[in-house]
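K.L.:
Take a look and give me a structure for this.
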Amino acid sequence: MTLERVPSSAPVLTPKLSPSHPWPDRSPNRWFPGWIKSAPFILLHLSLIAVFFVPVTVTAVILCAVTYFIRMFGITGAYHRYFAHRAYKTSRWFQFILAWLGCSAMQKGPLWWAGHHREHHRHSDTPKDPHSPHETSFWWSHVGWILSTEHANTPEDQVPDWNRYPELRWMDRWHWIPGILLAVLCYLIDGTSGLVWGFVVSTILVYHATFTINSLSHLFGSRRYATTDDSRNNFFLALITLGEGWHNNHHHYQSSANQGFFWWEIDISYVTLLALSCCGLVWDLRKPGEKALTHRLIQPTAPGTSLEQLTVNAAAPEQPSS
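P.N.:
Numbering: from 1, shown residues only. Next comes the predicted model:
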C-alpha cells in the first residue's frame, strides 16, 4: 500500500473578499445566535461541579492524563505546527487523523484554528491581532475573543492550502463530533467518573493551558530574539503545553517543527513528532539553521548560542593575553 503524500503547494483559486464581506458561516450551527453558540463552552465549565459528586478512581485519573496529553498534542503538534505553519509533511490519511485529534480538544475545526492563528502572526500585538493582551485585555486574549461572534466564522481566505481538501472542510463544519465520541468512550471505560475526569476536567485543562499562550506568553517570560511583538519564552508554560511556551522562539522562526531550540528547552510535542517520523508517519521536520538561531539575538552571549558552537568554543585553545 502506498501513502498519498500531501503536496507542499498547489495553485488554489480563492475569491478576494473585502474586510466588510467576511466568509459566510457554512457550519451546522449558523442558524443560532452568538450567545447560544457559546453555551456549550460555558456549560462545560459549569459542569466542573460534578467532580464533587463522582468518585475519583485510578482509571479516571489515568484517563484524564492520557486524554490531556493526546488532545494537547492535537492542538500543538497538529493544529499549530502542521495546519497553521506546515512545519512538517505527512500523508493525506494521517493528515485527517491529525485533524481528528485537534477537533477532539473541542477548540473548533482545523481550518478555523489555523486561519485565526495565521491572522495572529500577521498582526501580532497590533490592533488587528485577534487576541493581543496589549491591545485589548488579559480576559479578551485568554478567552473573550473565543466567545465573541466577531471570530465565529472560519477565515477561509487565510487557509486556501487546506480549504481544497473536502474531508478537512467536512471536519471543520462538524468539529464537535470527535469530542462527543471521546466523551462517550470515557463513559464506557469508567462510567460517570471517566466522563467527568477523562473528558470534562481534561477538556477544561487543555482549554486554559492552550489559552495561556495567547495571554501569558505575551506578558511573562524572557525574550531571546528581537521580534516585532512581545512574545516571550516561559518554562512553566512550555511544560503544561508540551513545548508551546517557547513562544519568543516560535515568533522568531515560525515554521519550525521544534519550538524549544536547545536541549534544555523541553519540547514534548517535538519529541512526539520525532517518534512519529521514526515510524514514517511524518517527515521533513523543519528546524532553524545556525544563521536563524543567531539572528536578531537580544543578548548574543546568552543561551542563544548553539550547543555545537559552545562545544567548539570550549575546545578552542586559550589565546595568550597581551
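K.L.:
contacting residues around stretch 281-289?
P.N.:
87-91, 94, 253, 255-258, 261, 270, 273-274, 276-277 (CB atoms under 8 Å, 6 or more residues apart in numbering). C-beta coordinates here come from the backbone N, C-alpha and C atoms, glycine included.
K.L.:
mean confidence for it?
P.N.:
Mean pLDDT, stretch 281-289: 96.
K.L.:
Name the residues of that stretch that are buried.
P.N.:
281-282, 285-286, 288 (16 or more other CB atoms under 10 Å).
K.L.:
Any regions of this structure where pLDDT drops low?
P.N.:
In the predicted model of the chain, residues 1-37, 299-322 satisfy pLDDT under 70.
K.L.:
at 80 instead, please
P.N.:
1-38, 299-322 (pLDDT under 80).
K.L.:
following the host helix or strand of R118, which helix or strand comes up?
P.N.:
For R118, the element it lies in under DSSP states H and E is helix 110-122. Note on helix 110-122: by DSSP H and E, the next helix or strand toward the C-terminus is helix 138-139.
K.L.:
that older thread, pull the residues that contact the helix holding R118.
P.N.:
Looking at what lies outside helix 110-122 - CB under 8 Å, 6+ apart - the contacts are 75, 78-80, 83-84, 98-99, 102-103, 107, 128-131, 151, 153-159, 162-163, 168-169, 171-172, 175, 214, 251, 254.
K.L.:
which ones among those are found in helices?
P.N.:
Among those, the members falling in helices are 98-99, 102-103, 162-163, 168-169, 171-172, 214, 251 (criterion: DSSP state H).
K.L.:
Those: which two are farthest apart?
P.N.:
R169 and H251 (29.0 Å; CB to CB).
K.L.:
The two: who's more crowded?
P.N.:
H251 (23 against 18; other CB atoms under 10 Å).
K.L.:
ok, the closest residue to the more buried one other than its chain neighbours - contacts?
P.N.:
Spatial nearest neighbour of H251, excluding adjacent residues (CB to CB, 6 or more residues apart in numbering): S231 at 4.0 Å. Counting by CB under 8 Å, 6+ apart, S231 touches 124-125, 217-218, 223, 247-248, 250-251.
K.L.:
Alright, I will stop here.
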